[in-house]
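Undergrad: next input, structure requested:
(chains A, B and C)
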Amino acid sequence: MRLERNMRSVCKLLAQRLAISLLVLAGVSVLVFAIARIIPGDPARIALGPNATAEQVQKLREQLHLDRPIWTQYGYFVRDLAEGDLGISLYTNRPVTTDIAQFLPATLELILVAGIFMIGFGLPLGIVSARYRGRAVDHIIRIVSLLGVSAPSFVWAVILMLLFAFFLPLFPIAGRISTDFEIDRATGFLLIDTLLVANYAAFGNALWHIVLPAFALALSGIGQAARLTRANMIETYGRPYIEMARSYGFPEWKIASRYAFRPSIIPSLTILGLDFAAMLGNAFLVEAIFAWPGLSRYGVTVILRKDLNAIVGTVLIISAAFLIANLIVDLLIAFLNPRIRYGQGSK
Amino acid sequence: MIAPTLDIRDLRLTFSGLGGSVDVLHGISLSINREERVALVGESGSGKSVTARSVLGLLQSLRGTRISGDILFEGTNLESMDESRRRQLRGTRMSMIFQDPVSSLNPVYRIGVQFREVLARSNPGIDAAEARDRAAEILSEVSIGEPGRVLESFPFQLSGGMNQRVMIAMALVNEPALLVADEPGTALDVTVQDQTLRLMHRLVQEHRTSVLFISHNLGIVREFTDRLYVIYRGRIVEEGPTGSVFRAPGHPYTRALLAAVPRITRDEIPEFEADPGKFGAPKVVHGPAGNSA
Amino acid sequence: MKRAAAIVLSNPMSLAGVILIALVVSSAVFADLVAPFPSHRGAVVDFANFNQPPSWPNIMGTDLVGRDLFSRILYAYRISLILGIVVLLLAVPAGVVVGLAAGYIGGRTRFILMRTTDVFLSIPPLVLAMSIMGVLEPTLANGMMAVTAMWWPWYSRLVFNITLAEKEEGYVLAAELIGASRIHVMFREILPNCFPAIITKMTLDLGFVILIASSLSFLGLGVQPPTPDLGSMVAQGASYLPDSWWLTVFPGLAILVAVFGFNLLGDALRDVLGGDQ
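TA: Now for the predicted structure:
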């Protein structure tokens, strides 16, 4: 019975959030479409280059519906989108969906590993910092995490590469996997594909390649997570239930890692979710330094080439991923916060 | 002779911070015999809660706190004990009940989980079923009709009075020798407070627990304690059996306190004896030693 | 205010922040006097001297066409600071007006304004600025526009949340009772209570605007050569790692120093003035 009630309010929450997300995604599509259409100059002319004839340009304009009023264009766009068709990239001459499917997994893989680093390093640092507030270790963690958020990820990428790939050659400088490995593409996620064929050497190699770029990408998230966790933990430490836990003689490490941490993590999660999602943008910066074959080069190239369909498609897909990430965070919060799970409002 | 459960001798406490230091306790002496219920009465800022927390050892590790004097628990001096041994006593031999039951229970764990962890303080190997049975048993002692449902609940799903009973049960489940009750139930409404205090009173008698009862409410003190100490600006100004202090208060501050209790049975508001202005707001910052009183 | 300043200056971390900011700002303002090679801000070449490691007089080395990196970094600070200040001067008022109106007026106004805010917040920050830069010509002015477009919604959220809380306060109700206009209540009663949070956020954000703008130019979507820019310097030097490390390390550290300074100060302000997470 408890489980059932539990499930019902979580489902209701999920439906609510899903509806809002779809509404926002529709808004994003309008926004992105609007951005793409304020482009100065004729996209067809830009795509074909200065040597194309006027007829060729006219033909492409008709093909892309550029001769129609803008709302009709948006109508076509939505219709195609509903069919999963984002149009043809004028740069690669392939469907945008095919291009994205090729490049996105590498980027997602990088982001997921960076997310694991962010949680795995950021939260414990924040806990230790709050637990030893005012001591030397707290000051060190505060400075390090502030440094982490104070540089863009490409700067960290350069610094980490110089230190740990050149100065101390511990990690490779570029790519996802050494060329001696031939891995069939099943999911596009190398860490999964290598495991699917049980090629552990290749898995280890791919892991070895992802460490530095993922860490560079994660550094600002680690700093942010540590700062946020520390701030919320310190607030929680002032609550009566912490004093009560002390009055029962629970050891300090247990009070920190259990009684203070769990209530503190709930308000942090929304912001951590946003930080995680911001990596979707920052991945572009890290990929460029580590020659990571992800969405970065494609995205930057299509932007510089003013490849409308590809720009709109890429931004839409990234925004959808962003919304999905936020949705997962909302569910996680509902799971961790009994008040929401039992539909008693959030506080 | 059996040593008293709690014997505080000349406890002094100073908080120091950026703005200088503040003497909060100026030498408190207080003792509680076995099975005795003793009140420490005073207004907010008088130092009573600080005294309660020092007994548990909750202030000793705070930065900027300086404590001197002895706190003897069943004959052993807690102040000379090392921190980890002292911690072993908390939750097992002595426990505490707090003012606000709702915010004193952890909001993200079920009552049953919190109970089990408290039980594990005295019996680390306790298994889930055993803990559940023991918790249900003590919950029914505080007149909770459906202990199973309560154990499955989160604190925010229960009323304030329910949470208070849970907290009382939790504090007594390990059969401590001393219970420190810091203004129990002040956050609740009066009828609920009265009900839960009666339950607590019955329970501590049954379990033969000594109680240090911190309160500013003389009506409650009169009903539930055997002996009382009056604390004013960090000093004990009067002590004695509850009944006789009520009949014949010796110190002007005690008289002022007693006079401040509204008595519905009288037809007029009582006059203050002595000079009530002198006992105006007891401040946290007390004057230098020798402050007349 | 004086007390706040005293608290900020008495804390070693925020004092360090003030010093770093003072260094960055003064090197931007006095670049013409400080820079050893003021002409190197532009498109000059000195092929005899290209790609030299740090030495005297090029204390941070020279770039691929022989320009003094230290001089170029000083001028890059100037552009970054101007960009940051302009972006905030545009984004903050826009966000504040939207947030106040959505919070105070409510109803359909709130729905439209806050859902629009959500739409802007649902595109990862850098990606939104990138796509705007993609369709516009990469100039300094357009860069400012793109960063402004991604920045105002954060202020709209912040002010919206404060407004929601403040509008229930007694002083607002009192103003309404004596018949104050909506504009008066929003801008004269509620807005002043948003200032501490806004000031804290602006201090922190000045650093983050610099960070995002450098990211855009790193991708080739911001300020164009020969204008000196920290992000594009790192991008140009990246292919010469590790041998010509100074090409990337010094501009990169320059970004770090500036943003770190603003973060140190912003943190201290947050402790003193309160403000958002």
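Undergrad: where do the strands sit along the stretch 151-293 of chain B?
TA: B:178-182, B:210-215, B:227-232, B:235-241 (DSSP state E, counting those that start in this stretch).
Undergrad: mind putting those strands into JSON lines with mean neighbour count, distance to residue B:171 and mean pLDDT?
TA: C-beta coordinates here come from the backbone N, C-alpha and C atoms, glycine included. Formatted as JSON lines, the strands of the stretch 151-293 of chain B follow (neighbours: other C-beta atoms under 10 Å in any protein chain shown; distance: least, C-beta to C-beta, whole Å; pLDDT from 0 to 100):
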{"stretch": "strand B:178-182", "mean neighbour count": "24", "distance to residue B:171": "6", "mean pLDDT": "94"}
{"stretch": "strand B:210-215", "mean neighbour count": "26", "distance to residue B:171": "10", "mean pLDDT": "93"}
{"stretch": "strand B:227-232", "mean neighbour count": "24", "distance to residue B:171": "21", "mean pLDDT": "92"}
{"stretch": "strand B:235-241", "mean neighbour count": "18", "distance to residue B:171": "25", "mean pLDDT": "91"}
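Undergrad: closest to chain A out of the ones you listed?
TA: Proximity to chain A, assessed across the strands of the stretch 151-293 of chain B by C-beta to the nearest C-beta, is greatest for strand B:178-182 (8.1 Å).
Undergrad: ok, residues contacting that closest one?
TA: Strand B:178-182 is touched from outside by B:5-6, B:32, B:49, B:52-53, B:55-56, B:73, B:93-99, B:171-172, B:200, B:204, B:209-214, with contacts defined as C-beta atoms under 8 Å, 6 or more residues apart in numbering or on different chains.
Undergrad: which residue, other than its chain neighbours, is closest to residue 215?
TA: Assuming you mean chain A. residue A:117 (5.9 Å; C-beta to C-beta, 6 or more residues apart in numbering or on different chains).
Undergrad: could you do chain C instead?
TA: Closest to residue C:215 by C-beta to C-beta, 6+ apart is residue A:152, at 4.8 Å.
Undergrad: can you get me a residue count around that neighbour?
TA: 30 (other C-beta atoms under 10 Å in any protein chain shown).
Undergrad: also residue A:170?
TA: Counted with other C-beta under 10 Å, the neighbours of residue A:170 add up to 11.
Undergrad: show me where the stretch 101-250 of chain C has its helices.
TA: Ranges of helices within the stretch 101-250 of chain C are C:107-121, C:125-135, C:140-166, C:170-177, C:182-184, C:191-218, C:230-238, C:246-273, based on DSSP state H, counting those that start in this stretch.
Undergrad: which stretch in the ones you listed is the model least sure about?
TA: The minimum mean pLDDT among the helices of the stretch 101-250 of chain C belongs to helix C:125-135 (a mean of 82).
Undergrad: that one vs helix C:191-218, what angle?
TA: Between helix C:125-135 and helix C:191-218, the angle comes out at 60 degrees (axes from the mean of the first three to the mean of the last three C-alpha atoms, to 10 degrees).
Undergrad: quick one: stretch A:229-247 to chain centroid distance?
TA: 31 Å (C-alpha atoms, centre = their mean, to the nearest Å).
Undergrad: ends of it, how far apart?
TA: End-to-end distance for stretch A:229-247, by C-alpha to C-alpha, to the nearest Å: 24 Å.
Undergrad: on that earlier part again, how far off centre is the host helix or strand of the residue nearest to residue A:215?
TA: Assigned by DSSP states H and E, residue A:117 belongs to helix A:96-131. Computed by C-alpha atoms, centre = their mean, the chain-centroid distance of helix A:96-131 equals 7 Å.
Undergrad: just stretch B:203-217 next, same as before
TA: 8 Å.
Undergrad: contacts for it?
TA: Under C-beta under 8 Å, 6+ apart, the answer for stretch B:203-217 is B:5-6, B:32-44, B:48-49, B:51-52, B:55, B:141-142, B:168, B:172, B:175-184, B:186, B:221, B:224-225.
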